[in-house]
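>>> what would the 3D arrangement of this be:
(2 chains)
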Amino acid sequence: MSFEEFQNRARLYVIGALESDETEDFEAARKEYGIEAENLIAECYNLHEAFALSLRPAKSSDVLKERLMSMVRSRQAK
Amino acid sequence: MDPLEQPIATPEPVGRRGARLPAAAPELEPGAATDLELMQSIQAEDPEALSQLYDRYNGILKALILRVIHNEAEADDLLQEIFMEIWNQAKNFSAQKGKPLGWMVTLARRRAIDGLRKKQAYARAEERLQMETEQQPDAWVHNATQEEINSGDTRILVRRVINTLPPAQQQAINLAFFRGMSQREIAAKTNTPLGTVKTRLELGLKKIYDGLKELRDEL
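Below is the predicted model of the structure:
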């Protein structure tokens, strides 16, 4: 697999859109390209952030946060 | 005309003054802990750090969850579970593999898609999505005005990049990212040949990826 093709697949990989046969080829190429591949994949994960940041933030209640923090503190106390 | 053949709008120049980096954390108050510092404090089991991280990102993560499951109460439940998972799994976060927000979004998306499937709401959501996409194929994004661009809002900058894509590419990415669909599932859902779906995803993601990089270089 050329590195250009690997780049294309990396972007599909990070959003989970590779088919299983493509994933096998991708993983083999990932090993072959080593650190260069890992750096590219890490960079591609910025797409996740971008998609999330493209949405208008939604409001959640203060009660939810209180409940969360209460759960965290009770877990800590154990 | 096949949407893939539609000309792609050239993004207008984005003003430098006051603009924030796309795909980056919201601007912090002076002296505020960075995301990475908060993650390190969470790894050291400091609940205050989780509280701050929650304040910073609960809106973005909830929007992402809502985009997947379309149910306010379920979104709140999932949001709580996700922040508990952030607390419990913080030790698995590695700054070498990416930024905290990216890690949280990845985790939230996976949980939301799992939640969608587990609760067997998939079919209902699909119907809703189908109606949305049929009525308004590019509903994911809206055209940003110059005023919004000048406001320096990260969301608008990112949307602007996404908005350069033809609707068919946006739809394919939307189904893959927010619905967790495979290429085959997208092909079946949209009555589109598998090869075309693959091309749409590859082209669309490349444009977004390159567009974000360009914006980062510009700012």
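>>> among the helices and strands of chain B, which has the poorest mean pLDDT?
Lowest on mean pLDDT, DSSP states H and E among the helices and strands of chain B sits helix B:146-150, with a mean of 43.
>>> checking residue B:181 next. Helix, strand or coil?
Here residue B:181 is recorded as coil under DSSP: H, G, I helix; E, B strand; the rest coil.
>>> can you pull the phi and psi angles for it?
Torsion angles at residue B:181 (phi, psi; degrees, to the nearest 10) stand at phi -80, psi 150.
>>> residue B:93 now?
When read as degrees, to the nearest 10, the backbone of residue B:93 gives phi -80, psi 130.
>>> cool, and residue A:18?
According to degrees, to the nearest 10, residue A:18 has phi -80, psi 140.
>>> ok, it touching residue A:11?
No: taking contacts as C-beta atoms under 8 Å, residue A:18 lies outside contact range of residue A:11: 9.9 Å. In this view, the C-beta of every residue, glycine as well, is placed from N, C-alpha and C.
>>> circling back: against which helices or strands is the helix or strand just after the least confident helix or strand of chain B packed?
Sequence order places helix B:154-162 as the next helix or strand after helix B:146-150, per DSSP states H and E. Applying 3 or more C-beta pairs under 8 Å, 6 or more residues apart in numbering or on different chains; DSSP states H and E, we find helix B:154-162 packed against helix A:46-53, helix B:146-150, helix B:194-218.
>>> looking at these, spot the one closest to residue B:87.
Nearest of the helices and strands packed on helix B:154-162 to residue B:87, taken as C-beta to C-beta: helix A:46-53 at 19.4 Å.
>>> quick check: angle from the closest one to helix B:154-162?
Here helix A:46-53 points in a direction 120 degrees away from that of helix B:154-162 (axes from the mean of the first three to the mean of the last three C-alpha atoms, to 10 degrees).
>>> which other helices and strands does helix A:46-53 contact?
Partner elements for helix A:46-53 (3+ C-beta pairs under 8 Å, 6+ apart): helix A:3-14, helix B:47-69, helix B:100-118, helix B:154-162, helix B:167-179, helix B:194-218.
>>> lowest average confidence across those helices, which one?
In terms of average pLDDT, helix B:154-162 trails the rest of the helices and strands packed on helix A:46-53, at a mean of 79.
>>> may I have that one as CSV, with CA atoms only?
Provided in CSV are the C-alpha atoms of helix B:154-162 (Å, rounded to 0.1, in the frame of the first residue of the first chain):
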residue,chain,number,x,y,z
THR,B,154,-14.0,27.9,16.6
ARG,B,155,-17.2,26.2,15.8
ILE,B,156,-17.9,28.5,12.9
LEU,B,157,-14.3,28.1,11.5
VAL,B,158,-14.6,24.3,11.6
ARG,B,159,-18.1,24.4,10.1
ARG,B,160,-16.8,26.6,7.3
VAL,B,161,-14.3,23.9,6.3
ILE,B,162,-16.9,21.2,6.4
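>>> what's the angle between it and helix B:167-179?
Taking the same axes, to 10 degrees, one finds helix B:154-162 and helix B:167-179 inclined to each other by 130 degrees.
>>> any idea how far helix B:154-162 is from the chain center?
A distance of 11 Å separates the centroid of the chain from that of helix B:154-162, by C-alpha atoms, centre = their mean, to the nearest Å.
>>> sorry, back to before: the helices and strands packed on helix A:46-53: which one's closest to residue A:34?
helix A:3-14 (11.5 Å).
>>> who touches the closest residue to residue B:192 other than its chain neighbours in this structure?
In this structure, residue B:192 finds its nearest non-sequential neighbour in residue B:186, 7.3 Å apart by C-beta to C-beta, 6 or more residues apart in numbering or on different chains. With contact taken as C-beta atoms under 8 Å, 6 or more residues apart in numbering or on different chains, residue B:186 is in contact with B:172, B:175, B:176, B:192, B:197, B:201.
>>> farthest-separated two in those?
B:176 and B:192 (12.8 Å).
>>> neighbour count: these two, which is higher?
residue B:176 (24 against 18; other C-beta atoms under 10 Å in any protein chain shown).
>>> run through the residues that contact that one.
A:12, A:15, A:16, A:17, B:182, B:183, B:186, B:201.
>>> neighbour-wise, which one of the residues you listed leads?
Neighbour counts for the contacts of residue B:176 peak at residue A:17, which has 26 neighbours (criterion: other C-beta under 10 Å).
>>> sec struct for it, please.
coil.
>>> from residue B:173, how far off is it?
Residue A:17 is 9 Å from residue B:173, where distance means C-beta to C-beta, to the nearest Å.
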